[in-house]
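Asks: Only the shape, not the letters, is given here:
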Ligand code: GTP
Ligand code: MG
């Protein structure tokens, strides 16, 4: 996709702050620090529209981005960050669940996992949930630049096996720093959005 326009619509905490339904949304889910905001920035060719940080837990809100007035990226807060209170973690989980279970405009949830690690319990739960809803279940394995091509292929096999990904086309290794497989991710998204 040629991105001509990309802008933040709103940083939401509560449901009433979500933008109106009616435009397709693609949400990015994954543990804190996995690279969700970086993926958005890479796809839309912007350095820091979606705020990134070396500090995990940066995105603590649901951020809606308007792309070309055609669809929205929805940057979800990362889960599994240990260094916050249990209450805080529950608040995030509740925020994510509310959005995912109620949003009619949601077309797909892309699950991001770090290519260097086996998926964790939260990743497995999220993936199973995504499939159970009837979405394709696209997995982007991030930070691929940190591994050799051989290691990447090995880890893709491990992650596919552990999550139970049946279609190899639905998992993509990705690097925001090297822009690796940016086009591949766009092709998958274009197909889902049917544009
Ligand atoms: P939260 O908002 O905390 O949930 O994190 P996030 O998933 O949005 O991660 P973010 O995009 O902020 O990236 C976290 C850190 O990982 C930052 O320091 C990024 O620069 C780094 N990072 C993200 N993607 C890549 C990548 O492909 N390669 C490398 N080497 N670093 C990356
Ligand atoms: Mg983020």
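Replies: Perfect, I can see it now. None of the values given here were measured: they were computed from a predicted structure. Ligands and ions are numbered 1, 2, ... in the order given.

Asks: Apart from its neighbours in sequence, what residue is nearest the residue nearest to the spatial centre of the chain?
Replies: The residue lying closest to the centre of the chain (Cα atoms, centre = their mean) is residue 28, at 2.1 Å. Nearest residue to residue 28, sequence neighbours excluded (Cβ to Cβ, 6 or more residues apart in numbering): residue 36, at 4.3 Å. In this view, the C-beta of every residue, glycine as well, is placed from N, C-alpha and C.

Asks: Tell me which residues are up against the longest helix along the chain.
Replies: Across the chain, the longest stretch assigned as helix under DSSP state H is helix 86-102. With contact meaning Cβ atoms under 8 Å, 6 or more residues apart in numbering, helix 86-102 is reached by 13, 15, 18, 27, 29, 60, 62, 74, 76-77, 79, 81, 106, 109, 129.

Asks: Just the buried residues out of those, in ChimeraX syntax.
Replies: Of the contacts of helix 86-102, the buried ones can be selected in ChimeraX as follows, counting by 16 or more other Cβ atoms under 10 Å:
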select :18,27,29,60,62,74,76,77,79,81,106,109,129
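
Asks: quick one: least confident of the contacts of helix 86-102?
Replies: In terms of pLDDT, residue 81 ranks lowest among the contacts of helix 86-102, with 71.

Asks: Looks to me like that one is in a strand.
Replies: No. Counting by DSSP: H, G, I helix; E, B strand; the rest coil, one finds residue 81 to be coil, located in no strand.

Asks: That one against residue 60, yeah?
Replies: No. The pair formed by residue 81 and residue 60 falls short of the contact definition of Cβ atoms under 8 Å, at 9.6 Å.

Asks: Okay, and residue 135 sits in which element?
Replies: Assigned by DSSP states H and E, residue 135 belongs to neither a helix nor a strand.

Asks: Let me know the pLDDT of it.
Replies: At residue 135, the model reports a pLDDT of 95.

Asks: check contacts around it.
Replies: Contacts for residue 135 (Cβ under 8 Å, 6+ apart) come out as 107, 108, 109.

Asks: For my notes, confirm the last one occurs in a strand.
Replies: In other words, residue 109. Yes. Assessed by three-state DSSP, residue 109 belongs to a strand.
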